[in-house]
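**Q** Starting from these lines, generate the structure:
(2 chains)
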Amino acid sequence: MTTIADIPQAKPSRRGSLTLRVGLALLGIHLVLGLLTVFWTPYDPAAMAGGRLSPPSLAHWAGTDRLGRDLMTQIMIGSRIALMVGAGAVVIGALIGVTLGLLAAFATRFLDDVLAAALDILIAFPTLLLAMLVVAASESASLGTAIVALGIALSAIVARLTRILAKRVLAQDYITAARTSGTSWPMVVFKHILPNIWPTLSVNFALQFGLAVIAEASLSYLGLGAPPPNASWGRLLQEAQGTVYTAPLGAILPGIALVILVIGMNFLADGLRDRADPMRGAAR
Amino acid sequence: MTTHLDVRGLTLTTQGRTLVSNLSFAIAPGERVGLIGESGSGKSLTAMAVSGLLPAAIRAQGSITLAGQEVIGAPGRVLDRLRGTEIAIVFQEPLTALDPLMRIGRQIGIPLSRRHRRDGRDLSGRALESEILGLLEKVRLPDPSRILRAHPWEISGGQRQRVAIAMALACRPKLLIADEPTTALDVTTQAEVLKLLDALVKELGMALLFISHDLPVVASIAERVIVLRSGEAVEAGPAGEVLVQPRHPYTQTLVEAARAFDDALSGGR
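**A** Next up, the predicted model:
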């Protein structure tokens, strides 16, 4: 006999919190490794620490590269660089994108159309290509240039998203209600619009973080990213390319590190999405 | 007679269409005026025009003087100061008129502390919270300390409308505009909210512009009524006269329809 207790109840989904936790754990691995390198590394990253291309051992957990540098040290520094690039690019992309997006949402019809068309053209370019253009336009390749370039490349999507989300919030009654009680436009933006579009934006930022890390690895692989003393994973891959048959770990390990971080950020984005929209998690 | 709000020859147009034409009325401090009309007659637009919040696509002509200040064409800074001091609005749908992510206490606290700042007083922390609780009690919300920390979707429709009224009261406006404040509520709640509005307006000495399509509701709260039809005022006068002995054919049909509805109800018993 079926009783009330047997009927499945709509419970808050645990899946959301699980993906969020897995994402945070994967990100945590890199946060610990990356932060550690600020104070301590197993070996001097620039010095020869052992024989060339030696296999993993107790002294060198991941072996050494073709110049005899400790690979584990290089990968750990790569973590720090990847995190800096991801965070830096997302922050720059957010500052430019949110500002432009809000401007478009508040603008007159004409200005809005012009901004929307400009953003569409920017979005049509692949992120990496856009970043390469910005790097090429700057004097020298450096980590800072790469971060700024990626930030600019990411900003178009952020602006587009902010514009449409802000427009939707602006049409709500509570904005009119706030205005009638004497709230000025800047206060409406900070107290009502930004908090209401933040859940969706944060999902996008987590995804773009992963995107920026991959893009930076690609830039470094092509020699357009951080110059040699910085051990970016992309550059490690590129350096290990010549010895991939004799010492495959040199290419595999940076690749795995990259995958862990990017998948971690994607899980985090998925978890944030479920939290922002709990109904969606429950429907599954 | 001093007037708080003086609307003269207000005409609202958009893309060649006239939405409100040559509307004139005045509201004295403490006076209660009803604006009657069916959907699309320009009632809500008039309210938006009075608070200077018309959509950009709508052009306003004529003159609206609020507390001695011309509203039409006034710069945003001036309007921001008028709103929430001279005027406040309670809207029809209380769910969408509250920010879904903000706790009730904060939604009331923002206009409340702003109103105090305008008077040159700083209100924060404990003092602010006790004033918010006082407002929640004033609109007769049960368990104010729970509602203070609730989100809009955690309380009932009638409670939300009381919160919206508390937000308007937080501004201590000289004129309260109630735009169909009871339409989205069920009949029992409607009567309670009406009684509450009536008592508060009397107690605080506010002027009231009550907008509705519901004749009995307007008759119960307004001293004077203006009947609006397709943007034109067809009749105006004391509520008792207009609603008992309407002169204009349109008002007559409205009153007859309301009577027929009443008769149908009592005949069915």
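**Q** Can you show me the strands along the stretch 151-269 of chain B?
**A** B:175-179, B:207-212, B:224-229, B:232-238 (DSSP state E, counting those that start in this stretch).
**Q** What is the last one packed up against?
**A** Judged by 3 or more C-beta pairs under 8 Å, 6 or more residues apart in numbering or on different chains; DSSP states H and E, strand B:232-238 is in contact with strand B:17-27, strand B:224-229, helix B:249-267. Yep, even glycine has a C-beta here, placed from its N, CA and C like the rest.
**Q** Go through those and pick out the most buried.
**A** Ranked by mean neighbour count, the helices and strands packed on strand B:232-238 are led by strand B:224-229 with a mean of 22 (mean count of other C-beta atoms under 10 Å in any protein chain shown).
**Q** Over that strand, what's the mean pLDDT, rounded is fine.
**A** Regarding strand B:224-229, the rounded mean pLDDT is 90.
**Q** which ones are touching B:G105?
**A** B:G105 makes contact with B:129, B:132, B:148-149 under the criterion C-beta atoms under 8 Å, 6 or more residues apart in numbering or on different chains.
**Q** Can you turn the buried part of the residues you listed into a PyMOL selection?
**A** To isolate the buried ones among the contacts of B:G105 in PyMOL, judged by 16 or more other C-beta atoms under 10 Å in any protein chain shown, type:
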select buried, chain B and resi 132+148
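**Q** Okay, and which of the contacts of B:G105 map to helices?
**A** B:129, B:132, B:148 (DSSP state H).
**Q** Take the helices and strands packed on strand B:232-238 and write them to TSV, including distance to A:A153.
**A** Output for the helices and strands packed on strand B:232-238, formatted as TSV (distance: least, C-beta to C-beta, whole Å):
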stretch	distance to A:A153
strand B:17-27	46
strand B:224-229	55
helix B:249-267	62
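**Q** Quick one, which of the ones you listed gets closest to chain A.
**A** strand B:17-27 (16.5 Å; C-beta to the nearest C-beta).
**Q** Which of the helices and strands packed on strand B:232-238 sits closest to B:I64?
**A** Between B:I64 and the helices and strands packed on strand B:232-238, the shortest gap by C-beta to C-beta is with strand B:17-27, which sits at 9.9 Å.
**Q** Tell me what angle the helix or strand that the closest one is followed by forms with strand B:17-27.
**A** Where DSSP states H and E defines the elements, the next helix or strand beyond strand B:17-27 is strand B:32-36. Angle, strand B:32-36 to strand B:17-27, by axes from the mean of the first three to the mean of the last three C-alpha atoms, to 10 degrees: 160 degrees.
**Q** just how off-centre is strand B:32-36 within its chain?
**A** 10 Å (C-alpha atoms, centre = their mean, to the nearest Å).
**Q** Any buried residues in the helix or strand that it is followed by, and which?
**A** Counting by DSSP H and E, the next helix or strand C-terminal to strand B:32-36 is helix B:43-50. Neighbour counts using 16+ other C-beta under 10 Å place B:43-50 of helix B:43-50 among the buried residues.
**Q** Likewise for stretch A:190-205?
**A** Quick answer for stretch A:190-205 (16+ other C-beta under 10 Å): A:191-194, A:196-197, A:200-205.
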